[in-house]
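Student: below: sequence and its predicted model.
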Amino acid sequence: MQLFLDSADEKQVKYWLGQGVLDGVTTNPSVLFRDGVVDPLPALESLARLTAPGVLHAEVTVPRGAELVHQGIELSQLADNIAVKVPVQTPDGAPCLAEIHELSSAGVAVNSTACLSFGQAALAAKAGASYLSILVGRIDDEGGDGAAVIRDLRRWLDDWQVDAKIIAASVRGTADVRRSMTAGAHCVTVPPAVLAKLADHKYSRHTVQQFLDDARAVAG
Ligand code: E4P
């Protein structure tokens, strides 16, 4: 199972790489904005260098068509370890499956993002996407069950030996990470604040403090 950091903050990326738990980094335009990136291409290049040999996921910023494919190719050429995120559809409801197919056929590792249903993800896999980003938090926001979508999708991918990896994304808390991992996601992408919570437990702190205090007492 792969663990990604959902962040463009180099300090956080370095920190969690140093912990030895990261297999890659995911970004999207909102993440770049949130983390104060003003010049996306050099920032993505630098993140790709940091993340290697792990994969950096970088998202296109045009909604459809030849322009999207062109930008996807450009992003993929920033470094050898880039996966290009392509939203599964446009804001007005048109599928981006043809664009996913064209990029995948050109040898680009495509991450089909903004998937909120089994059907969208299954079609993206058919079109050739290497990664299927299931936005579990957003599914749950709407009263759906993100973990159930992952469970069904994993069964379908395995039954038909479809070579695409599920990324559980839009993770809001540690329970989402646990549910996604146990539902069969191949990868989970986690924001830094949630990853910090995942590593922490108040009672562990207390326990370790007790060990250290007693070690000092034994040493006299
Ligand atoms: C990551 O690949 C996704 O784009 C991201 O997790 C979406 O998160 P959000 O739903 O919190 O914006």
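Tutor: Yes, it's here.
Student: in the chain, where's the longest helix?
Tutor: helix 202-219 (DSSP state H).
Student: strands of this structure, start to end?
Tutor: 2-6, 24-26, 55-59, 82-87, 110-115, 131-135, 165-169, 187-190 (DSSP state E).
Student: how about the spatially most central residue of the chain, nearest residue that isn't a chain neighbour?
Tutor: With distances taken as CA atoms, centre = their mean, the residue of the chain nearest its centroid is residue 189 (3.8 Å). Among residues not flanking residue 189 along the chain, residue 4 sits closest, at 3.9 Å (CB to CB, 6 or more residues apart in numbering). Backbone N, C-alpha and C define where each C-beta goes, glycine included.
Student: helices of this protein, residue ranges please.
Tutor: Ranges of helices in the chain, per DSSP H, are 10-18, 29-34, 40-51, 65-76, 97-105, 118-127, 136-141, 146-159, 174-183, 192-199, 202-219.
Student: by contact count, what packs against the third one?
Tutor: Using 3 or more CB pairs under 8 Å, 6 or more residues apart in numbering; DSSP states H and E as the contact criterion, the neighbours of helix 40-51 among helices and strands are helix 10-18, strand 24-26, strand 55-59.
Student: return the set of buried residues in it.
Tutor: Of all the residues in helix 40-51, those buried under the rule 16 or more other CB atoms under 10 Å are 40, 43-44, 46-48, 51.
Student: including distance to residue 111 and pLDDT, could those go into TSV?
Tutor: Output for these, formatted as TSV (distance: CB to CB, whole Å; pLDDT from 0 to 100):
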residue	distance to residue 111	pLDDT
40	16	98
43	18	98
44	14	98
46	20	98
47	15	98
48	14	98
51	14	98
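Student: now tabulate those in TSV and tack on distance to the ligand.
Tutor: Converted to TSV, the buried residues of helix 40-51 look like this (distance: CB to the nearest ligand atom, whole Å):
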residue	distance to the ligand
40	15
43	16
44	14
46	19
47	13
48	15
51	14
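Student: show me which of the residues you listed is closest to residue 80.
Tutor: Nearest to residue 80, judged by CB to CB, of the buried residues of helix 40-51 is residue 48 at 8.3 Å.
Student: let me see the contact set for the closest residue to that closest one other than its chain neighbours.
Tutor: Leaving aside its chain neighbours, residue 48 sits nearest to residue 79 (3.7 Å; criterion: CB to CB, 6+ apart). Counting by CB atoms under 8 Å, 6 or more residues apart in numbering, residue 79 touches 45, 48-49, 52, 56.
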